[in-house]
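J.: the sequence isn't on hand, but the structure is:
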């Protein structure tokens, strides 16, 4: 088959046929209109058009004088309804997430003690997540799959440690090299990519096969059968709980809601782009650091939102000069504080302090 012919067939996959239907159309009979009725209708239409188009100079002047009042009414309207959209579009899902968060079994709050059972350090864990993001970014895969893979990574280690009663010999064997019986970075990377493979299979993104991981970096650490067994072990140990609650679940709602509000009252595209980019990037950095894993995902997300808003204003200060957005965001944050069930100012300050240090350092 030639390229042109193949391309033509591809383009026509979802195009409906242009052939006429064989069914005959029923003819409909129309009654002739009464000439007097036609004349009356035409006169009525002319009067409607005249009312719509004619405006006296006095009316025009009055319309111009109403513009400042109209602006004040718009601001007043948003001051009263600034919280309505969140309740309309996102509140039910948000409430479900908050209730789910109250049960700690739904979270993957890992700590250094659990890592130690596997002879892992917090630096090794951070390295694995950075490596994962480099791979996903290379293939332009959504950041959502990064966060979901991280949760599977932590959840498996937590559950596996419990199942084996925190036996360090059993746990540490997971990442030992088959060549020298020492800790293998390659096995850690393969485990991380297997976590992504599972998430990828669930959410049906681009096709990704385990065979791609065989002989990774020419280390010959795991065969296809061993990789397949590892995937099944991960699924079994986490009890097929793939929808683990994390920071991204809350950030996704917050970004959607705040973006929608800002776009309604302003076209500050530079601010919105900067704000969205900062939120995802900083959230990604937070989950890499184990020191903040004891803080609830909703509190982490709330702190990242607060910090990203101010940081984005600072970065776009040459473009950002909109008091209405300041007013909207301040009210949005106040309302969110009242909605959140379990958070403390101390936890928020911890996250913001960490973010401040990270920005100043890098």
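T.: Noted; the coordinates are in hand. None of these values were measured; they are calculated from a predicted model. Numbers count the residues shown, from 1 in each chain.
J.: need the nearest residue in space to the residue most central in space within the chain, chain neighbours excluded.
T.: In the chain, the C-alpha closest to the average C-alpha coordinate belongs to residue 252, at a distance of 3.7 Å (CA atoms, centre = their mean). Spatial nearest neighbour of residue 252, chain neighbours left out: residue 144 (7.6 Å); criterion: CB to CB, 6 or more residues apart in numbering. The way it works is simple: take the backbone N, C-alpha and C, and place the C-beta from them, glycine included.
J.: mind giving me the domain ranges of this structure?
T.: 83-90+246-361, 108-237 (automatic domain parsing).
J.: so can I have JSON lines of the ones you listed showing mean pLDDT and distance to residue 98?
T.: Listed next are these as JSON lines, based on pLDDT from 0 to 100; distance: least, CB to CB, whole Å:
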{"stretch": "domain 83-90+246-361", "mean pLDDT": "84", "distance to residue 98": "5"}
{"stretch": "domain 108-237", "mean pLDDT": "94", "distance to residue 98": "16"}
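J.: correct me, but the residue nearest to residue 252 touches residue 248?
T.: Yes. With contact defined as CB atoms under 8 Å, residue 144 counts as touching residue 248 (6.2 Å).
J.: more neighbours: the two, which one.
T.: residue 248 (23 against 16; other CB atoms under 10 Å).
J.: so the nearest residue to that one once chain neighbours are set aside versus residue 180, what's the distance?
T.: The spatial neighbour of residue 248 that comes closest, neighbours along the chain excluded (CB to CB, 6+ apart), is residue 147 at 3.7 Å. To residue 180, residue 147 is 34 Å away according to CB to CB, to the nearest Å.
J.: so these two - more neighbours on which side?
T.: residue 147 (22 against 8).
J.: and the more buried one, what does it touch?
T.: Neighbour list for residue 147: 246-248, 283-284, 287 [criterion: CB atoms under 8 Å, 6 or more residues apart in numbering].
J.: got a list of what the closest residue to residue 163 other than its chain neighbours touches?
T.: Spatial nearest neighbour of residue 163, excluding adjacent residues (CB to CB, 6+ apart): residue 237 at 6.7 Å. The contact partners of residue 237, taken as CB under 8 Å, 6+ apart, are 156, 159-160, 163.
J.: what's the first helix or strand after the helix or strand hosting the residue nearest to the centre of the chain?
T.: Per DSSP states H and E: residue 252 is located in helix 247-265. Downstream of helix 247-265, the first helix or strand assigned by DSSP H and E is helix 269-288.
J.: I'd like to know which elements that following helix is packed against.
T.: Here helix 269-288 touches helix 122-138, helix 143-163, helix 247-265, helix 297-315, helix 345-361, going by 3 or more CB pairs under 8 Å, 6 or more residues apart in numbering; DSSP states H and E.
J.: for residue 171, which of those helices is the nearest?
T.: Closest approach to residue 171 among these is made by helix 143-163 (5.9 Å; CB to CB).
J.: who does whatever helix or strand comes next after the closest one touch, helix- and strand-wise?
T.: Tracing the chain C-terminally past helix 143-163 and defining elements by DSSP H and E, one meets helix 168-172 next. The helices and strands touching helix 168-172, judged by 3+ CB pairs under 8 Å, 6+ apart, are helix 112-117.
J.: please consider this matter closed, and thank you.
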